[in-house]
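J.: please find the sequence and the predicted model below.
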Amino acid sequence: MKRRHDGALLLAGTIAIGAATGTQAFSQDAEEMAQPIDRQKITRSSPPPAASGVTSIGPAVHRITEDHESCDLTKATAEHAKRMIDEGLAWLMSRQNENGLWLIQSRAQPTNQPDWEEAVPVDLAVSALVMKALAQTGRSTEALEKVTHGIIMGTGLASKDFNPSKGGKIGTYVASTIVSGLSSLGDLQQHDRMQEAITWLRSSQWRAEDQISPEEDWYGGVGYGRHGRPDLSNTQMMLEALHDAGVSPEDPAIQEALVFVSRSQNLKATNPSPWAQAGSDDGGFIYTPANGGESMASQYVGEGRYGELLLESDPRRLRSYGSMTYAGFKSLLHAGLNEHDPRVDAAMDWIRRNWTLEENPGVGQQGLYYYFHALSRALSAAGWKTIKTEDGVVHDWREELVERLHGLQRSDGSWVNSEDRWLESEAVLTTAYSILALEEVLKPIRK
């Protein structure tokens with residue numbers, strides 16, 4: 001295989017960690033200050049179509065239910081899921097630090113700059129996930145009070161000087177999880193703090209005021225704060241946070257994000273990007289369309305993260321994969337699209353063709369637990385009870401997910417991925433993902 005090196009495709013300035021798999025990623029930019037945009041790396045194409053009609057899927061559900069019938073589970077499965085959640089939370093609470101946070105022993109090693117000396121602390125980000133997991137049970141516990149206080153103090157929300165980048169420069173991810181977590185509390189006293197975080201989150205989006213036009217591949221996307229190119233992982237986290245906070249899908253920030261999300265989809269009919277026009281047209285999603293596009297699935301099969309290792313005679317294309325496809329599908333729904341839109345219809349077909357809980361399709365075991373979390377949130381948002389695959393088999397995704405997570409739960413109540421990449425060897429992170437996925441199973445089905 002002859003290697004092709006396209007300098008316009010190489011990305012600088014952003015150090016991607018977990019989101020590189022489509023997992024909720026941990027990343028740090030090389031410098032704390034916003035970087036100038038290198039327009040030689042930005043590709044241009046006609047904008048994808050706007051939403052022809054915006055349909056809200058309804059308000060976010062922030063509590064699990066005691067009524068197993070409302071979530072279409074057998075009583076035994078619902079009780080089993082609750083036990084698994086309780087065991088996982090007990091394990092997490094036994095490891096909570098005095099400041100209310102969960103201190104991760106490992107720090108993320110930058111993917112794009114392996115020789116960079118400083119690694120990324122992820123304590124606030126992971127703790128915000130745990131805060132949401134605790135809040136969604138509906139129980140008022142000392143652990144929940146401690147983590148809420150720790151996050152508010154750790155990010156400056158207590159003094160109205162919000163800085164989610166403290167300690168790691170992964171501000172957009174931290175801000176998104178904080179907005180979702182504070183929304184889950186249902187505490188009106190936290191409303192102003194949540195709005196401050198939302199204001200910060202909006203400011204992190206690449207929009208016209210940043211001299212980015214709808215024809216450019218950064219438009220509407222979100223990256224790790226104001227430090228570099230956007231990606232679908234951070235963008236879908238922002239959209240999820242705004243949905244959790246009750247922001248209308250008609251909000252300009254959401255509709256502008258839809259442009260970026262649509263550009264991330266392998267769909268020729270709505271995505272004019274060259275890599276998509278040359279691609280599989282399978283309806284799945286890649287990691288980012290920015291700067292010409294990246295896919296961890298392409299990297300996984302040896303074609304290069306940017307498709308730079310394809311034969312020179314082959315058109316450059318990028319592969320779809322599971323965690324990003326569920327993230328993209330969910331984002332389309334949060335932006336107000338429904339099954340009548342070709343983007344949603346194509347994503348649904350990809351899910352039916354690639355249904356599995358054994359791996360993160362396209363990248364194997366990498367990012368498996370983020371995949372479970374993204375999958376559960378997406379299918380819950382869609383209101384799906386079952387999935388009928390191409391072989392005619394009808395899958396009850398809730399029952400199957402509970403069974404799969406049961407098989408993976410360790411005797412102490414935690415979960416961990418044997419695949420070390422993207423911090424999923426850290427049990428605090430993978431346990432939080434697993435609990436959040438199980439809580440989606442226990443939420444009432446959307447009608």
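T.: Great, that's in hand. Residues are numbered from 1 along each chain as shown.
J.: report the rounded mean pLDDT for stretch 360-372.
T.: In this model, stretch 360-372 has a mean pLDDT of 97.
J.: what number of residues lie near the closest residue to A346 other than its chain neighbours?
T.: Once flanking residues are discounted, A346 sits nearest to G283: 2.9 Å by Cβ to Cβ, 6 or more residues apart in numbering. No exception for glycine: its C-beta is placed from N, CA and C like everyone else's. Counted with other Cβ atoms under 10 Å, residues neighbouring G283 total 26.
J.: quick one, what contacts G283?
T.: Q265, N266, L267, S320, T325, R343, D345, A346, A347, M348, D349, W350 (Cβ atoms under 8 Å, 6 or more residues apart in numbering).
J.: again, only this time at 6 Å
T.: Listed by Cβ atoms under 6 Å, 6 or more residues apart in numbering, the contact set of G283 reads L267, A346, A347, D349, W350.
J.: also A257?
T.: Neighbouring residues of A257 by Cβ under 6 Å, 6+ apart: G220, T235, L239.
J.: now those residues as CSV including distance to I178?
T.: Shown next, in CSV, are the contacts of A257 (distance: Cβ to Cβ, whole Å):
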residue, distance to I178
G220, 22
T235, 17
L239, 15
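J.: can you list which of these are found in helices?
T.: If you go by DSSP state H, these have T235, L239 in helices.
J.: about what we covered before: R139: which of the contacts of G283 is nearest?
T.: Nearest to R139, judged by Cβ to Cβ, of these is A347 at 34.9 Å.
J.: is that closest one in a helix, a strand, or coil?
T.: Of the three states, A347 takes helix according to DSSP: H, G, I helix; E, B strand; the rest coil.
J.: report pLDDT for it.
T.: A347 carries a pLDDT value of 98.
J.: now it: closest residue in space, sequence neighbours ignored.
T.: Spatially, and ignoring its direct neighbours in sequence, A347 is nearest to F329 (4.1 Å; Cβ to Cβ, 6+ apart).
J.: what about the one you found, neighbour count?
T.: Close neighbours of F329, defined as other Cβ under 10 Å, add up to 31.
J.: how close does it get to P230?
T.: As judged by Cβ to Cβ, to the nearest Å, F329 and P230 stand 19 Å apart.
J.: tell me the contacts of L182?
T.: By Cβ under 6 Å, 6+ apart, the contact list for L182 reads Q190, M194.
J.: what does I178 give?
T.: A128, A197.
J.: can I take it that it is in a strand?
T.: No. If the criterion is three-state DSSP, then I178 is helix and not within a strand.
J.: just to revisit the earlier point, quick check, pLDDT for the residue nearest to A346.
T.: We have a pLDDT of 98 for G283.
J.: check H149 too.
T.: For H149, the predicted pLDDT is 93.
J.: this structure: strands as residue ranges?
T.: Under the criterion DSSP state E, the chain carries strands at the ranges 14-15, 28-29, 387-388, 394-395.
J.: weakest of those in terms of mean pLDDT?
T.: Set side by side, these give their lowest mean pLDDT on strand 14-15, at a mean of 26.
J.: which non-adjacent residue is nearest G223?
T.: Closest residue to G223 apart from its sequence neighbours, by Cβ to Cβ, 6+ apart: P230 at 4.2 Å.
J.: and the one you found, what is it in contact with?
T.: Residues near P230 by Cβ under 6 Å, 6+ apart: W206, W218, G221, V222, G223, A290.
J.: from G292, how far off is the closest residue to N354 other than its chain neighbours?
T.: Spatial nearest neighbour of N354, excluding adjacent residues (Cβ to Cβ, 6+ apart): P361 at 4.7 Å. Noted for P361: a distance of 24 Å to G292, by Cβ to Cβ.
J.: who has more neighbours, these two?
T.: Using other Cβ under 10 Å as the criterion, P361 and G292 rank with G292 on top: 23 against 20.
J.: that one against R44, yeah?
T.: No. Counting by Cβ atoms under 6 Å, G292 does not reach R44; the two are 10.5 Å apart.
J.: ranges for the helices of this structure?
T.: 75-93, 123-135, 142-155, 171-185, 191-203, 232-244, 252-263, 274-277, 296-300, 322-334, 342-353, 368-382, 397-408, 427-441.
J.: neighbouring contacts of the shortest one?
T.: Read it as helix 274-277. With Cβ under 6 Å, 6+ apart as the contact definition, helix 274-277 has outside contacts at N266, K268, G293, R316, R317, L318.
J.: rewinding a little: tell me the pLDDT of the residue nearest to G223.
T.: The confidence metric pLDDT takes the value 93 at P230.
J.: over to the one 3 residues further on?
T.: With respect to pLDDT, S233 has a value of 95.
J.: surely L337 and V344 touch.
T.: Yes. L337 lies in contact with V344 (Cβ under 6 Å); the separation is 5.0 Å.
J.: quick one: which of these two has more around it?
T.: The neighbour comparison of L337 against V344 (other Cβ under 10 Å) goes to L337, with 26 against 18.
J.: distance check, that one against M348.
T.: L337 sits 11 Å away from M348, going by Cβ to Cβ.
J.: how about S264?
T.: Distance from S264 to M348, by Cβ to Cβ: 16 Å.
J.: neighbour-wise, which of these two wins?
T.: Neighbour comparison, S264 and M348: the larger count goes to S264, with 35 against 17 (by other Cβ under 10 Å).
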